[in-house]
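S.K.: model the structure of this input:
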Amino acid sequence: MHQVVAVTGATGFIGQNLLDALIHDGWLVNALTRKQPSKNHHKNIKWVLGDLDDHTALLELVTRASVIIHCAGLVRGNSPEVFFHANAIGTENLLKAVASVKLNPRFLLISSLAAREPTLSWYAESKSKAEQITLHYLHDVGISYAIFRPSAVYGPGDKELLPVFQASRYGIVPVVGNFENRFGLLHVSDLVELICYWLNNESFTNGTYEIDDATPGGYSYQSVAEIAQQILHRPVRCIKLPGKLIQQIASMNLWLSKFLNYSPMLTPGKFRELQHPNWVCDMSLFKQKGINWAPHTSLREALPNLIKSK
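M.R.: This is a model prediction of the structure:
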């Protein structure tokens, strides 16, 4: 194959899993990084030092690339400006670099299901803006593209959902919001497989695709507890965390972050995301467009390893 694929976010949770798959499939990879990684020095990886504000690094990243996969994204921050700059302006900077080399590479944006509800949080709004910028740049010039909106992604290397799953070892599943809220889940191996499927199928139709593991109706906190109970062979119960208390903690966390200069995960916006009643994906577009791909890993299959992992 020996084609070049440029990847942003290569050192992140999804990016690291993706790199392994790309190398296995024989791609040459240009990978953007702020600092030289301590591992993954495969001969097929060229690490490009820089970030999404570094025009010179971005030009080096996309030169000779036939495909661009934009995985980079900020999930923690303490202001709308921080999120907008990283997720929206960063995407625009990358697209400007792509336009300047005039090679018309295929472009894949890894967005988020949160972009479906941009009024909920600064993060969701910034991902929605990134999608709009992508469509503005690529639609009119005829570059082949896709936008993937994965639901909550979990698996090896994940640090956000793992504590929730591992809490079931102690007989509890913590709940923020209502017990009946529904959400989709997606194992990172399925997301990486879909990205590789897109890479190897140039006829993949342009569009914005929502992706989860295709469990009908998604999951609820109660269904997660039931799956964990079947695996552990002991009672696992949902424990609802006080909404007002979590909201106050989120507000205090945001306030403190501005004085102590850190990037919080739990903010009022994240709290609103967690309260939202429906994060289940509509995957009908795959069938409508005749795309022959489906996820393979359900939570029931993945949870035993997650519970036992350290």
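S.K.: okay, now the unreliable bits of the stretch 201-310 of the chain?
M.R.: 310 (pLDDT under 70).
S.K.: how about the helices in it?
M.R.: 221-232, 243-260, 268-275, 284-288, 299-308 (DSSP state H, counting those that start in this stretch).
S.K.: in the longest one, what counts as buried?
M.R.: Read it as helix 243-260. Neighbour counts over helix 243-260 (16 or more other CB atoms under 10 Å) mark Ile246, Gln247, Ala250, Asn253, Leu254, Ser257 as buried. For every residue, glycine as well, the C-beta is placed using N, CA and C.
S.K.: got the contact list for that helix?
M.R.: With CB atoms under 8 Å, 6 or more residues apart in numbering as the test, helix 243-260 has contacts from Asn78, Ser79, Val176, Gly177, Ser263, Pro264, Leu266, Thr267, Pro268, Lys270, Phe271, Gln275.
S.K.: restrict these to the buried ones and give me that as a PyMOL selection.
M.R.: Listed next is the PyMOL selection for buried residues among those, using 16+ other CB under 10 Å:
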select buried, resi 78+176+177+264+266+267+268+270+271
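S.K.: how about the contacts of helix 243-260, which pair is most distant?
M.R.: Across the contacts of helix 243-260, the longest distance by CB to CB is 24.7 Å; it joins Ser79 and Gly177.
S.K.: quick revisit: would JSON lines of the contacts of helix 243-260 with distance to Leu162 be doable?
M.R.: Converted to JSON lines, those look like this (distance: CB to CB, whole Å):
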{"residue": "Asn78", "distance to Leu162": "24"}
{"residue": "Ser79", "distance to Leu162": "27"}
{"residue": "Val176", "distance to Leu162": "16"}
{"residue": "Gly177", "distance to Leu162": "19"}
{"residue": "Ser263", "distance to Leu162": "19"}
{"residue": "Pro264", "distance to Leu162": "19"}
{"residue": "Leu266", "distance to Leu162": "16"}
{"residue": "Thr267", "distance to Leu162": "20"}
{"residue": "Pro268", "distance to Leu162": "24"}
{"residue": "Lys270", "distance to Leu162": "17"}
{"residue": "Phe271", "distance to Leu162": "20"}
{"residue": "Gln275", "distance to Leu162": "22"}
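S.K.: check the offset of stretch 233-242 from the chain's centre.
M.R.: 27 Å (CA atoms, centre = their mean, to the nearest Å).
S.K.: got the end-to-end distance for that stretch?
M.R.: 28 Å (CA to CA, to the nearest Å).
S.K.: what's in contact with that stretch?
M.R.: Around stretch 233-242, the neighbours that count as contacts under CB under 8 Å, 6+ apart are 168, 171-176, 179, 221-222, 225-226, 228-229.
S.K.: just the strands in the stretch 101-250 of the chain please.
M.R.: Along the stretch 101-250 of the chain, the segments classed as strands by DSSP state E, counting those that start in this stretch run 106-110, 145-150, 152-154, 172-175, 182-183, 185-187, 208-211, 237-240.
S.K.: a markdown table please, covering those and showing distance to Leu303.
M.R.: Below are those laid out as a markdown table (distance: least, CB to CB, whole Å):
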| stretch | distance to Leu303 |
| --- | --- |
| strand 106-110 | 24 |
| strand 145-150 | 18 |
| strand 152-154 | 10 |
| strand 172-175 | 11 |
| strand 182-183 | 15 |
| strand 185-187 | 10 |
| strand 208-211 | 19 |
| strand 237-240 | 15 |
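S.K.: to Lys43, which of those lies closest?
M.R.: Of these, nearest to Lys43 by CB to CB is strand 106-110, at 24.1 Å.
S.K.: so what secondary structure elements neighbour the closest one?
M.R.: Counting contacts by 3 or more CB pairs under 8 Å, 6 or more residues apart in numbering; DSSP states H and E, strand 106-110 packs against strand 65-70, helix 90-101, helix 122-138, strand 145-150, helix 188-199.
S.K.: packing partners of the second one?
M.R.: For helix 90-101, the helices and strands in contact under the criterion 3+ CB pairs under 8 Å, 6+ apart are helix 55-62, strand 65-70, strand 106-110, helix 122-138.
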